[in-house]
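> need a structure here:
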Amino acid sequence: MDIEKISLIAQAISFEFEDMIADKNKKELFISIFNKYLNDVDPGITTDPYDAIIALGKKNPAGFDNMVKELKEKNLISL
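Have a look, this model is predicted:
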């Protein structure tokens, strides 16, 4: 997957996360999925999720695809 597509998906995920921040249950789901997939590329997730998602897409495309799939399955994003 090219960087442009990764960036667009990362942006969509970031926007959905920001939109769901007030919903405690969905926020916790997002955070657990972010911890599962993003911790390897950004331990402790110290950067903005957008940047960590891009790093995941570059370094671990299969992990990126799995994270997107899991977010879709849990109805957290609609890409």
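> which residues are contacting stretch 13-21?
For stretch 13-21, the external contacting residues (Cβ atoms under 8 Å, 6 or more residues apart in numbering) are K26, K27, F30, D48, P49, Y50, I53, V68, L71, L76, I77, S78. In this view, the C-beta of every residue, glycine as well, is placed from N, C-alpha and C.
> hmm, 7 Å instead?
K26, K27, F30, P49, Y50, I53, L71, L76, I77 (Cβ atoms under 7 Å, 6 or more residues apart in numbering).
> what of stretch 65-77?
Contacts with stretch 65-77, where a contact means Cβ under 7 Å, 6+ apart, come from I9, A12, I13, E16, M20, K26, L29, F30, I33, Y37, L56, L79.
> can you rerun that using 6 Å?
Here stretch 65-77 makes contact (Cβ atoms under 6 Å, 6 or more residues apart in numbering) with I13, E16, L29, I33, Y37.
> could you do stretch 42-52 as well?
Here stretch 42-52 has contacts from A10, S14, F34, L38, V41, using Cβ under 6 Å, 6+ apart.
> how about a cut-off of 7 Å?
Residues contacting stretch 42-52 (Cβ under 7 Å, 6+ apart): A10, Q11, S14, F17, F34, N35, L38, N39, V41, A55.
> so what would you say the end-to-end distance of that stretch is?
End-to-end distance of stretch 42-52 (Cα to Cα, to the nearest Å): 6 Å.
> ok, and for it, which residues are buried?
Of the residues in stretch 42-52, those scored as buried under the neighbour-count criterion (16 or more other Cβ atoms under 10 Å) are D42, P49, Y50, D51, A52.
> quick one: the contacts of stretch 42-52 as TSV, columns for distance to F64, pLDDT and neighbour count too.
As requested, these are exported to TSV (distance: Cβ to Cβ, whole Å; pLDDT from 0 to 100; neighbours: other Cβ atoms under 10 Å):
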residue	distance to F64	pLDDT	neighbour count
A10	9	97	23
Q11	14	97	13
S14	14	94	17
F17	15	93	21
F34	12	93	20
N35	15	91	11
L38	10	93	24
N39	14	90	13
V41	10	89	20
A55	9	94	18
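> out of those, who's nearest A62?
When the contacts of stretch 42-52 are compared for distance to A62 (Cβ to Cβ), V41 wins out at 12.9 Å.
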